[in-house]
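[1] have a look at this prediction, sequence included:
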Amino acid sequence: TGFAYMGRQYPIQVGGQDFWIDMLFYNVKLRAYVAVELKAKPFKPSDAGQLNFYLTAIDRNIKHPDDNPTIGLMICRSKNGIIAEYALDGAKKPMGISEFTLKEILPDSIIFEKQFKKITEAEEPQWD
């Protein structure tokens, strides 16, 4: 409840270079942006740096001064809990790492990834 979808592959420019945030939401109850990064591969420590970069970019370029700090969520195919803990240790921004798992009732991983890619690359809905 309270989430507003801001966009997929949300563009942001930093230092004259273009970057794209996988999904960006705004939560009206929390008064905070929520950046979601999707990885179809296992978590790597460098992924935390990418997410931290996006959170800083949103906080400095998009959020209103009255908003709370941006929240980051990295969703990966898998994660090693110790590596994730080390990667986030000392992080001052609200970030989390989660993993998605394939259940037996779902198609094999290749089909799932194709369907997941279709969903994340689908055209933005057109509103009348």
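    Here it is on my side, so go on. Numbers count the residues shown, from 1 in each chain.

[2] give me every residue that touches the residue nearest in space to the middle of the chain.
    In the chain, the residue lying closest to the centroid (C-alpha atoms, centre = their mean) is Val36, at 1.5 Å. Val36 makes contacts with 21-25, 72-75, as judged by C-beta atoms under 8 Å, 6 or more residues apart in numbering. Using the backbone N, CA and C atoms, a C-beta is placed for each residue, glycine as well.

[3] can you list the weak-confidence ranges in this structure?
    Within the chain, the stretches with pLDDT under 70 are 102-128.

[4] need the three-state assignment for the residue nearest to the centre of the chain.
    For Val36, the assignment made with DSSP: H, G, I helix; E, B strand; the rest coil gives strand.

[5] count the neighbours of the closest residue to it other than its chain neighbours for me.
    Excluding its sequence neighbours, the residue lying closest to Val36 (C-beta to C-beta, 6 or more residues apart in numbering) is Met23, at 4.2 Å. Counted with other C-beta atoms under 10 Å, residues neighbouring Met23 total 18.

[6] so what's the residue nearest to the centre of the chain bridging to?
    Legend: beta-bridge partners of Val36 under DSSP bridges are Met23, Leu73.

[7] quick check: the gap between it and Ile83.
    20 Å (C-beta to C-beta, to the nearest Å).

[8] got the contact list for the longest helix anywhere in the chain?
    Secondary structure of the chain per DSSP state H: the longest helix is helix 45-61. With contact meaning C-beta under 8 Å, 6+ apart, helix 45-61 is reached by 12-14, 19, 21, 24, 33, 35, 37, 39, 69-72, 74, 76, 83-84, 86-88, 91, 93, 95, 97.

[9] let's go with 6 Å and repeat that
    By C-beta atoms under 6 Å, 6 or more residues apart in numbering, the list of residues contacting helix 45-61 from outside reads 12, 14, 21, 33, 35, 37, 70, 72, 74, 87-88, 93, 95.

[10] list the buried residues of that helix.
    Judged by neighbour count (16 or more other C-beta atoms under 10 Å), helix 45-61 contains these buried residues: 47-48, 50-52, 54-55, 57-59.

[11] okay, strands next: where are they in this protein?
    Listed in chain order, the strands found in the chain under DSSP state E are 3-14, 17-27, 32-38, 71-76, 95-99.
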